[in-house]
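1. here is the input, now give the coordinates:
(one chain, ligands or ions: 2)
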Amino acid sequence: MTMPFRRVLVKLSGEALMAADGYWLDTQILSALAQDIAAATRAGFEIAIVVGGGNIIRGARMSAAGWIDRPTADSMGMLGTVMNSLALETALNAAGVAARTMSAVSMPTICETYARQPALHHLDKGQVVVLAGGTGNPFFTTDTSAVLRAAELRCDAVLKATQVDGVYSADPKKDPSATRFDRLSHDDAIARDLKVMDTAAFALARESRLPIIVGCVHAPSSVTAILDGRSRSTIVAP
Ligand SMILES: Nc1ncnc2c1ncn2[C@@H]1O[C@H](COP(=O)(O)OP(=O)(O)OP(=O)(O)O)[C@@H](O)[C@H]1O
Ligand SMILES: O=c1ccn([C@@H]2O[C@H](COP(=O)(O)O)[C@@H](O)[C@H]2O)c(=O)[nH]1
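-> Ligands and ions are numbered 1, 2, ... in the order given. Okay, here's the model as predicted:
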C-alpha cells in the first residue's frame, strides 16, 4: 500500500553515514542514499531532508565530559550537520537531482541561509532542500528540527530513516526481547518514553498532527520502499 503522502521530510541519521572503520563518512553509503532519494523524487515525492550529526558530534555527550560547555558543544554539533548536508547535497546533485543546502546558522559564503518562503519555493519547483544547522539553537536535536521544518514547510509526514525497522517497546539494539509496533499514537510514544526520537520532537509532531514514519535505510532503495509501503516501518500518527 503506497503511503498517502506527497511532500515528505526525510530525517537521516548521521550515524547511518559512518564507515565501518569509524570514519565519519562512507561515500558508498552516501551515494546509495542519494540514489534512493533521487528515485523517490522521480516517483513523485517532494523531499526535504534533515541530516543528523551523530557521526561527528553530539553536544550533550561531548559536554558531559566536563571540559566544554553545552552551548559550545552544541554549536559544534550543528556545524557537523552542515558538513553532512553539504556531502549529501553533492551526492544528490551527482545522482541527477537538483539539491540545495539551507542552513539555520547563517554562513552565506558556504550555503543559503534557511528561510521558509525560499525553501517552499525550491520544494514547489521539485528541488530537494537539505536543511542544515538544526534549529540554529543549542539544547535541541535534529529530530526536533526535522519536525519543526516539516510543520513549517507543509510536509505531509516525517520519515525517520534510521538503523532500525520501526519503533519497538524498548531499544532493539539493547533489548532483544523488544517487540515492534506497526502503528502507535504520539501520546503512546511519549507515555512509553520510546527513545527512537526525543520527546520534544514527538510533542511537536502531536501538536502539528504530523505522522512520523520510522524505518531502516540499510537496504538499497529503502526510502522509496518505505514510502511505497513495500518495506517494514512503524507509523506514529494521531
Ligand atoms: N523504542 C525504540 N524503538 C526503536 N529504536 C530505538 C528505541 N529506543 C532507542 N532506539 C534507538 O534509536 C536509534 C534511532 O536514532 P538514530 O540513530 O537515528 O539517532 P539520531 O540521534 O536521530 O541520529 P544521529 O545518528 O544523527 O544522532 C535506533 O538506532 C535505535 O537503536
Ligand atoms: O537544533 C539543533 C540540532 C542539533 N544540535 C546539535 O547538533 C548535534 C547533532 O544532532 P543530532 O540530532 O544529535 O544528530 C546535537 O547533538 C546537538 O549538539 C543543536 O544544538 N541544535
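
2. which residues of the chain lie near ligand 2?
-> With the criterion set to Cβ under 6 Å from any ligand atom, the chain comes near ligand 2 through 14, 52-54, 58-60, 74, 77-78, 80-81, 134-135, 137-138, 140-143, 145. C-betas here are computed from N, CA, C, even on glycine.

3. name the element R61 belongs to?
-> Taking DSSP states H and E as the criterion, R61 maps to helix 59-64.

4. tell me the buried residues in that helix?
-> Neighbour-count burial for helix 59-64 flags G59, M62, S63 (criterion: 16 or more other Cβ atoms under 10 Å).

5. give me the residues contacting stretch 82-99.
-> The contact list for stretch 82-99 (Cβ atoms under 8 Å, 6 or more residues apart in numbering) reads 12, 14, 17, 24-25, 27, 30-31, 33-35, 37-38, 41, 49, 51-53, 55-56, 100-101, 103, 105, 107, 110-111, 126-133.

6. where does the nearest residue to G53 once chain neighbours are set aside land on pLDDT?
-> Of all residues not flanking G53 in the chain, G80 sits nearest, at 3.6 Å (Cβ to Cβ, 6 or more residues apart in numbering). Note for G80: predicted pLDDT of 98.

7. that's a helix at G80, yeah?
-> Yes: using DSSP: H, G, I helix; E, B strand; the rest coil, the assignment for G80 is a helix.

8. and M1, what pLDDT?
-> At M1, the pLDDT value in this model is 54.

9. could we number from 699 for the rest of this?
-> Done: numbering now begins at 699, and the last item shifts to M699.

10. backbone dihedrals for the most far-flung residue of the chain relative to its centre, please?
-> Distance from the C-alpha centroid of the chain, by Cα atoms, centre = their mean, peaks at W765 (29.1 Å). With angles defined as degrees, to the nearest 10, W765 sits at phi -90, psi -10.

11. over to T860?
-> phi -140, psi -150.

12. spit out the contact partners of the residue nearest to it when sequence neighbours are not counted.
-> Using Cβ to Cβ, 6+ apart and skipping residues adjacent in sequence, the residue nearest T860 is S711, 4.6 Å away. Neighbour list for S711: G750, G752, K858, A859, T860, Q861, V915 [criterion: Cβ under 8 Å, 6+ apart].

13. one more time with 10 Å, if that's ok
-> Neighbour list for S711: 749-753, 782, 840-841, 858-862, 914-915 [criterion: Cβ atoms under 10 Å, 6 or more residues apart in numbering].

14. put the buried members of those into a ChimeraX selection.
-> In ChimeraX, the members of those classed as buried (16+ other Cβ under 10 Å) are selected with the following command:
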select :749,750,751,752,753,782,840,841,858,859,860,862,914,915
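
15. who are the packing partners of the helix holding R759?
-> helix 768-792 (3 or more Cβ pairs under 10 Å, 6 or more residues apart in numbering; DSSP states H and E).

16. list the buried residues for stretch 762-773?
-> A771, D772, S773.

17. what about the worst-scoring helix or strand of the chain on mean pLDDT and ligand 1, touching?
-> Counting by mean pLDDT, DSSP states H and E, the chain has its least confident helix or strand at helix 920-925, which shows a mean of 92. No: applying Cβ under 6 Å from any ligand atom, one finds helix 920-925 out of contact with ligand 1, separated by at least 13.2 Å.

18. what's that helix in contact with?
-> Contacts of helix 920-925 (Cβ under 10 Å, 6+ apart): 700-701, 703, 706, 708, 710, 730-731, 733-743, 745, 747, 855, 857-859, 863-864, 911-915, 917, 928-931.
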